[in-house]
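coordinates only, sequence not included:
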């Protein structure tokens, strides 16, 4: 339930010998991140929303709960978790005992599933029963759109949820299997006007501990969980998106591989999962808090339907046929990168520069109309669809340089030592500059970092003691 060339000029001026070194350094626009990359949220919205309107989604599994009154749900679709859990409390300090009895789970004859939390006894001797049903062993899937129409109970200690677990839970266990909470509600901290969606999985540094990455949805005024609402998720390679009521206009959260990795977690959500529905009763030691005299019992969670859609296309993963190639060009020239890919539509493209995502670069072609120095670096594209993704090799954009010149002029004399420590430098070329000083041409230390740029740039060398042994260089960064 729950990311060169160097040019040297030597010249003398009286007893002052200056070594000028121009070193061109590639400057990264974006800090590189470890990834695989995600499909961009805005692009997923576009292609998935188009699919919703043109019928490209295919219903692959559903339960409309059309059974007769007081009957257990379809046993070909649902199995049961029963008992108090191992460890007791299902790892969350819960109080309920799960059963497969019709008192706790049944269809109502009107097209709804009813999961009832029932209290027996009073005070510290009170006990609680409820139900937790799952599609484990009966139905699992990878990627698609999942939704359930539900009317939820509200009260202290009540914890209704619609969620998923990885089918490999029996071999790798939790949290390595991954958990996706499509919807859960607790009265403590949320009340009846909010729900939460969360991802759980193993940490990168400690695979037995779990991370949580989630967000809350607050209902508009006049709406609450005691009304029927649709809770759903759009699940694609390396990304999940959560929505309430409308997958086109009301996606309220998007989580990607990069989001999970920035949170310190491992992305464990690109394999088959099964569905879970339950109504838990928490304790004073659980996230939900415990029930009290105000909590309504029996508490009923109503489910109108659960539906799973997948893309109506052949399961052909994205593949790169013609990758982009490296480019060498002169300053301010137009540059074009392109990739040719195949696979089931829709194909989604995302370009990266120096390891960082280029926002808005979502076509098979990437255009750099005027390639300046800051555009030089490495480029890569990831092509994805619902069935997988392909990553191109890294290619390079190299910009041929414009020579720079460095002409220092002594402009001030230290009153105490009579030494020239202040200089005015005439610079031409491209990019910000760093000026370094040395006494032996081997060990350099900066005396001015990123001065005003090219043109006339003053700098001071506070460590100058003997200009016969002082050398300077300019590092031109672009």
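Now that the structure is in, tell me what you want to look at. Since we're looking at a predicted model, the values are computed, not measured.

count the neighbours of residue 441 for me.
Other residues within reach of residue 441 by the criterion other CB atoms under 10 Å amount to 10. In this view, the C-beta of every residue, glycine as well, is placed from N, C-alpha and C.

repeat for residue 60
Residue neighbour count, defined by other CB under 10 Å, stands at 14 for residue 60.

for it, which non-adjacent residue is spatially closest?
Ranked by CB to CB, 6 or more residues apart in numbering and with sequence neighbours excluded, the top spatial neighbour of residue 60 is residue 310, at 4.9 Å.

residues contacting that neighbour?
Residue 310 makes contact with 57, 58, 60, 141, 143, 144, 145, 386 under the criterion CB atoms under 8 Å, 6 or more residues apart in numbering.

who does it bridge with?
Residue 310 has these beta-bridge partners by DSSP bridges: residue 58.

distance of it relative to residue 142?
Here the criterion is CB to CB, to the nearest Å. By it, residue 310 lies 9 Å from residue 142.

ok, back up a step: per-residue confidence at the residue nearest to residue 60?
pLDDT, residue 310: 87.

so where's the stretch 251-400 of the chain uncertain?
For the stretch 251-400 of the chain, applying pLDDT under 70 flags the ranges 312-315, 373, 386.

mind running it again at 90?
Within the stretch 251-400 of the chain, the stretches falling below the threshold (pLDDT under 90) are 257-258, 283-289, 310-318, 328-333, 343-350, 354-363, 367-377, 384-389, 398-400.

strands of that one, start to end?
Remark: strands assigned in the stretch 251-400 of the chain by DSSP state E, counting those that start in this stretch are 251-256, 273-281, 299-311, 319-322, 327-330, 333-338, 340-342, 348-353, 356-357, 365-371, 377-385, 388-391, 395-400.

possible to save these as a markdown table with distance to residue 90?
Output for the strands of the stretch 251-400 of the chain, formatted as a markdown table (distance: least, CB to CB, whole Å):
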| stretch | distance to residue 90 |
| --- | --- |
| strand 251-256 | 24 |
| strand 273-281 | 7 |
| strand 299-311 | 17 |
| strand 319-322 | 42 |
| strand 327-330 | 57 |
| strand 333-338 | 51 |
| strand 340-342 | 44 |
| strand 348-353 | 38 |
| strand 356-357 | 38 |
| strand 365-371 | 49 |
| strand 377-385 | 35 |
| strand 388-391 | 34 |
| strand 395-400 | 50 |
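
how about those, which one is nearest residue 193?
Evaluated with CB to CB, these place strand 251-256 nearest to residue 193, the distance being 14.0 Å.

now that closest one: buried residues?
251, 253, 254, 255, 256 (16 or more other CB atoms under 10 Å).

and what of stretch 223-242?
Per 16+ other CB under 10 Å, stretch 223-242 contains these buried residues: 224-225, 229-242.

any stretches of the stretch 1-150 of the chain with poor pLDDT?
Across the stretch 1-150 of the chain, residues meeting the criterion (pLDDT under 90) sit at 1-59, 86-87, 123-124.

that one: helices as residue ranges?
With DSSP state H, counting those that start in this stretch as the criterion, the stretch 1-150 of the chain has helices at 41-54.

same question, the stretch 151-300 of the chain
Secondary structure of the stretch 151-300 of the chain, counting by DSSP H, counting those that start in this stretch: helices at 169-172, 187-190, 257-262.

need the contact list for residue 63.
Residue 63 sits in contact with 73, 74, 77, 78, 113, 305, 306, where contact means CB under 8 Å, 6+ apart.

got a winner among those residues for most neighbours?
Neighbour count (other CB under 10 Å) singles out residue 113 as the most crowded of these, with 27 neighbours.

could you report the distance from that one to residue 72?
10 Å.

ditto for residue 97
Between residue 97 and residue 72 the computed distance is 17 Å (CB to CB).

pull out the buried residues from stretch 81-91.
Within stretch 81-91, the residues that count as buried by 16+ other CB under 10 Å are 81, 85, 89, 90.

ok, the last one - contacts?
With CB under 8 Å, 6+ apart as the criterion, the residues that contact residue 90 are 84, 280.

what do you get for the one 4 residues further on?
Contacts for residue 94 were tallied using CB under 8 Å, 6+ apart; they are 85, 159, 280, 281, 282, 283, 286.

save the residues you listed as a markdown table, and put in distance to residue 220 too.
What follows is the contacts of residue 94, written out as a markdown table (distance: CB to CB, whole Å):
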| residue | distance to residue 220 |
| --- | --- |
| 85 | 36 |
| 159 | 23 |
| 280 | 27 |
| 281 | 29 |
| 282 | 27 |
| 283 | 32 |
| 286 | 29 |
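
now a ChimeraX select for only the buried ones of those residues.
The command below creates a ChimeraX selection of those among the contacts of residue 94 that count as buried (16+ other CB under 10 Å):
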select :85,159,280,281,282,283,286
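
nearest to residue 214 among the contacts of residue 94?
Nearest to residue 214 among the contacts of residue 94: residue 159, at 14.6 Å, using CB to CB.

what about that closest one, distance to residue 195?
Look at residue 159 and residue 195: by CB to CB, they are 12 Å apart.

could you name every residue contacting both of these two?
Listed contacts common to residue 159 and residue 195 are 184, 185; contacts here mean CB under 8 Å, 6+ apart.

tell me, how many residues neighbour the closest residue to residue 286 other than its chain neighbours?
On the basis of CB to CB, 6+ apart, the spatially nearest residue to residue 286 that is not a chain neighbour turns out to be residue 93, at 4.2 Å. When counting by other CB under 10 Å, one arrives at 16 neighbours for residue 93.

for residue 93, what are its contacts?
When the contact criterion is CB under 8 Å, 6+ apart, the partners of residue 93 are 282, 283, 285, 286.

just residue 269 next, same as before
Taking CB under 8 Å, 6+ apart as the contact definition, residue 269 lies against 178, 180, 199, 201, 235, 240.

closest to residue 150 among those residues?
residue 180 (16.2 Å).

which residues does the closest residue to the closest one other than its chain neighbours contact?
Spatial nearest neighbour of residue 180, chain neighbours left out: residue 164 (4.4 Å); criterion: CB to CB, 6+ apart. Taking CB under 8 Å, 6+ apart as the contact definition, residue 164 lies against 146, 179, 180, 182, 273, 274, 275, 276.

what about 6 Å?
With contacts defined as CB atoms under 6 Å, 6 or more residues apart in numbering, residue 164 is in contact with 180, 273, 275.

ditto for residue 114
Neighbour list for residue 114: 106, 108, 300, 302 [criterion: CB under 6 Å, 6+ apart].

now the residue lying closest to residue 278 once chain neighbours are set aside: how far from residue 389?
Nearest residue to residue 278, sequence neighbours excluded (CB to CB, 6+ apart): residue 132, at 3.6 Å. When distances are taken as CB to CB, residue 132 and residue 389 turn out to be 34 Å apart.

likewise residue 74?
Between residue 74 and residue 389 the distance is 35 Å, computed by CB to CB.

residue 188 now?
When distance is defined by CB to CB, residue 188 is 40 Å away from residue 389.

what does residue 275 give?
Distance from residue 275 to residue 389, counting by CB to CB: 25 Å.

need the contact partners of stretch 270-287.
Where contact means CB under 6 Å, 6+ apart, the residues beyond stretch 270-287 that reach it are 92-96, 115, 117, 128, 130, 132-136, 140, 142, 157, 159-164, 166-167, 288-290, 301.

show the end-to-end separation of it, please.
Distance across stretch 270-287, first residue to last, is 28 Å (CA to CA, to the nearest Å).
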